[in-house]
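Q: Please work out how this folds:
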Amino acid sequence: MATGEKATNYRAPALEKGLDILELLAKSAASLSATQIAQTLDRSLGEIYRITLALESRGYIRKNPATEGYTLTLRLFELAHEFPPINRLVAVALPEMEKLVASTEQSCHLVILNGQNVLVVAQVDAPTPMRYSVRLGAQFPIAETSSGAVLLAYAQDNEKKSILADIQANTPEFVAGLKPRIAEILARGGEVKESLVVAGVLNIAFPVFDFRGVVAALTIPYLRQTSSVVGVDTAEQLLRKRSLEISRLLGYRPPNETGQEVQRGTEEQ
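A: Have a look, this model is predicted:
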């Protein structure tokens, strides 16, 4: 029997039910009652009730007394931030992100890869009365974001091929456009591109490295305003500078300081 097949024979029913509930609530736009959860998951109300009590007592879900509906708390997001690599990344990046926001008067956010999506792990709002920003913890498809395209461009070749294969299988309409974007990003060092999903927003994104390779992307969703003091070109240069400084603090050294080529990935053939 193959190892993979053998592993699937070992079941943890209570754990699987708990994970099913968490995944269901994560995808739900509204709170769900225990009855709705049981019906959706095709489980008995009794078994769902016991699991929801356990998840609620551990702080993973919250029940609204008025509606009897359950929603996720931020406990899973907090756990992710307690994971040492992400914890260190955010701790190092936030002071530089605050400097970037102060100098550009534009919001910025930091994302990492999470499967076929990018996940926002840090975010700083612009100080201006009108601003555009993304929610901390939000996820977006890789192909729809400049952050995702930058991370994909600098990913290791095997990871890049795997991600492109997944995108081909799920959203093939994006693949053809990604290949020239990757080449342009590698030539420029980052991307400046009109948002594919929000009109009037110009995405400026650059990679963040540590000693192993790319670990995140730093992005300004540049909102054009008549009162903007800092233009796009200046914002791009300031973002490039801050992403490099975060990289240095994480242990990265540019090629001209090491005599080696940066791990940039290669254009997909």
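Q: which of the residues in the longest helix seen in the chain are buried?
A: Ranked by residue count and defined by DSSP state H, the top helix of the chain is helix 84-104. For helix 84-104, burial by neighbour count (16 or more other C-beta atoms under 10 Å) applies to Ile86, Leu89, Val90, Val92, Ala93, Glu96, Met97, Leu100, Val101, Ser103, Thr104. Where C-beta positions appear, they are placed from N, C-alpha and C, glycine not excepted.
Q: Also stretch 25-36?
A: Neighbour-count burial for stretch 25-36, counted by 16+ other C-beta under 10 Å, picks out Leu25, Ser28, Ser31, Leu32, Ser33, Ala34, Gln36.
Q: With stretch 50-64 instead?
A: Neighbour counts over stretch 50-64 (16+ other C-beta under 10 Å) mark Ile51, Thr52, Leu55, Tyr60, Ile61, Arg62, Lys63 as buried.
Q: Let me know the closest of the residues you listed to Asp166.
A: For those, the residue nearest Asp166 by C-beta to C-beta is Tyr60; the value is 27.7 Å.
Q: quick one: the nearest residue to the closest one once chain neighbours are set aside and Leu55, what's the gap?
A: Nearest non-adjacent residue to Tyr60, counting by C-beta to C-beta, 6 or more residues apart in numbering: Arg75, 4.9 Å away. Separation of Arg75 from Leu55 (C-beta to C-beta, to the nearest Å): 9 Å.
Q: mind listing the strands for the chain?
A: Listed in chain order, the strands of the chain (DSSP state E) span 61-63, 70-72, 108-114, 117-124, 139-141, 191-194, 201-209, 214-223.
Q: Which strands or helices does the fifth one pack on?
A: For strand 139-141, the elements it packs on are strand 117-124, helix 146-154, judged by 3 or more C-beta pairs under 8 Å, 6 or more residues apart in numbering; DSSP states H and E.
Q: so what does the shortest one touch, helix or strand wise?
A: Taking 3+ C-beta pairs under 8 Å, 6+ apart as contact, the helices and strands that strand 117-124 lies on are helix 84-104, strand 108-114, strand 139-141, helix 146-154.
Q: Mind putting those into TSV with mean pLDDT?
A: Formatted as TSV, the helices and strands packed on strand 117-124 follow (pLDDT from 0 to 100):
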stretch	mean pLDDT
helix 84-104	91
strand 108-114	94
strand 139-141	90
helix 146-154	96
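Q: Distance to Ala126 for these - can I get that in a markdown table?
A: Formatted as a markdown table, the helices and strands packed on strand 117-124 follow (distance: least, C-beta to C-beta, whole Å):
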| stretch | distance to Ala126 |
| --- | --- |
| helix 84-104 | 6 |
| strand 108-114 | 8 |
| strand 139-141 | 20 |
| helix 146-154 | 17 |
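Q: Pro127 is nearest to which of the ones you listed?
A: helix 84-104 (7.1 Å).
Q: follow-up on the earlier one: single out the most deeply packed of the strands of the chain.
A: Burial of the strands of the chain is given as mean neighbour count (mean count of other C-beta atoms under 10 Å); strand 214-223 ranks first at a mean of 26.
Q: Can you tell me the strand partners of that strand and which way each runs?
A: Strand pairing for strand 214-223, determined by DSSP bridges: strand 108-114 (antiparallel), strand 201-209 (antiparallel).
Q: Ala155 is nearest to which of these?
A: Using C-beta to C-beta, the nearest of those to Ala155 is strand 108-114, at 7.6 Å.
Q: So which residues make contact with that closest one?
A: The contact list for strand 108-114 (C-beta atoms under 8 Å, 6 or more residues apart in numbering) reads 86, 89-90, 93, 97, 100-101, 118-124, 133-134, 136, 139, 142, 145, 147-148, 151, 155, 163, 208, 215-221, 239.
Q: change it to 7 Å
A: By C-beta atoms under 7 Å, 6 or more residues apart in numbering, the surrounding residues in contact with strand 108-114 are 93, 97, 100-101, 118-124, 134, 139, 147, 151, 215-220.
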